[in-house]
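sharing a model prediction with you, sequence too.
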Amino acid sequence: MPSVEEAAACAEAARQPRETRAQRTKRFLSSRAWQTKRYEIIRRDKGRCQYCGRTAADGVTIQVDHREPLSKRWDLRLADDNLVCCCNDCNFGKLAGPAAEIAAAAGIDEASPSSMSTEGV
Ligand SMILES: [Zn+2]
């Protein structure tokens, strides 16, 4: 279900045809659409890593992972089915593939929602 923001982001992308994939990824990861979606996924999965089952209470940093990386399935970037709560250990564990460039593009502190409360909203 494409949101208004997403449509706006597409229009914006169309105006910048020479944007590189890394730039596009970086812009997406700082977009409000993604911040909102990420928060939704953390709430949906109750802040629990879907791979190993740990939470921030276990000392891991919880992130939201794209199962199909952005570099492969850009169209699934906001698809609930493609997003899972994931701890930093499990996320970095799969960085052998295309996810590595995403992490590089995103910067490490992009993916640190542990400072964000999952309670009380
Ligand atoms: Zn994990």
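On my side now, so go ahead. Numbers count the residues shown, from 1 in each chain.

buried stuff in stretch 47-62?
By 16 or more other CB atoms under 10 Å, the buried positions in stretch 47-62 come out as 47, 48, 49, 51, 54, 55, 56, 60, 61, 62. C-betas here are computed from N, CA, C, even on glycine.

sketch out the low-pLDDT regions of the protein for me.
1-4, 6-17, 94-121 (pLDDT under 70).

can you give me the strands for it?
62-66, 83-87 (DSSP state E).

would you list the ones you listed in a markdown table and tack on distance to the ion?
Formatted as a markdown table, the strands of the chain follow (distance: least, CB to the ion, whole Å):
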| stretch | distance to the ion |
| --- | --- |
| strand 62-66 | 9 |
| strand 83-87 | 3 |
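
what residues does this protein have near the ion?
49, 51, 52, 87, 90 (CB under 5 Å from the ion).

farthest pair within the residues you listed?
51 and 87 (7.4 Å; CB to CB).

before we move on, the earlier item: kindly indicate which of the buried residues of stretch 47-62 lies nearest the ion.
residue 49 (3.3 Å; CB to the ion).
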